[in-house]
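K.L.:
my questions concern the predicted model and sequence given below.
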Amino acid sequence: MTKEFTHIEDDRAVMVDIGQKDIVTRRAVASGEIVLSSETIEKIRTGTVEKGNVLSTARVAAILAVKKTPELIPMCHQIPITSIDVNFSIFDDHISASAEVSSVGKTGVEMEALTGVSVALLAVWDMVKSAEKDNTGNYPCTGIREIKVVEKVKGTKANV
């Protein structure tokens, strides 16, 4: 018995045809965390990170990443993004990020939300890496964790 693949045809990668699917409202929320030293967290809170405003930069990076998801993930369809909202919460030992992405289209937006939150966390790391490095140039307490889809909603058929 041969396995039928949705994205492989005769050993060739193919994009699934979504042409016959209905256009519906769609929304996905992804979240993740970056663990940082308490000193770095304090610099972010007080706006004293030498590269600038960490969370504003990370928010812009996330928005750009959401819009470029089909360029980064081979089988993702280009979809009409209707909104992107990126938020952060600061804790004593980490920053939590969430990306909420909405669309009116034929396929979901969870990959866009995951890409957005991932790049937001990477941008935070890039903005604070000089503060996080130890004397050997390594990052002993810095880490990204818990990236996941926390909500996915497929709504009603849209009037197009």
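P.N.:
Structure's in. What do you need?
K.L.:
how far away is residue 23 from residue 101?
P.N.:
Noted for residue 23: a distance of 16 Å to residue 101, by Cβ to Cβ, to the nearest Å. Where you see a C-beta, it was placed from the backbone N, CA and C, and this is true even at glycine.
K.L.:
ok, these two, which is more surrounded?
P.N.:
The neighbour count for residue 23 versus residue 101, taken as other Cβ atoms under 10 Å, is higher for residue 101 (31 against 14).
K.L.:
quick check: that one touching residue 116?
P.N.:
Yes. Between residue 101 and residue 116 there is a contact at 6.4 Å, judged by Cβ atoms under 8 Å.
K.L.:
what sits against residue 100?
P.N.:
Residue 100 makes contacts with 27-29, 83-87, 113, as judged by Cβ atoms under 8 Å, 6 or more residues apart in numbering.
K.L.:
tell me the secondary structure at residue 61.
P.N.:
helix (DSSP: H, G, I helix; E, B strand; the rest coil).
K.L.:
same question but for residue 141, I mixed them up
P.N.:
Once three-state DSSP is applied, residue 141 turns out coil.
K.L.:
what backbone torsions are found at it?
P.N.:
Here is the backbone geometry of residue 141 (degrees, to the nearest 10): phi -120, psi 0.
K.L.:
same question for the one 10 residues further on.
P.N.:
Dihedral angles phi and psi of residue 151 (degrees, to the nearest 10) take the values phi -160, psi 140.
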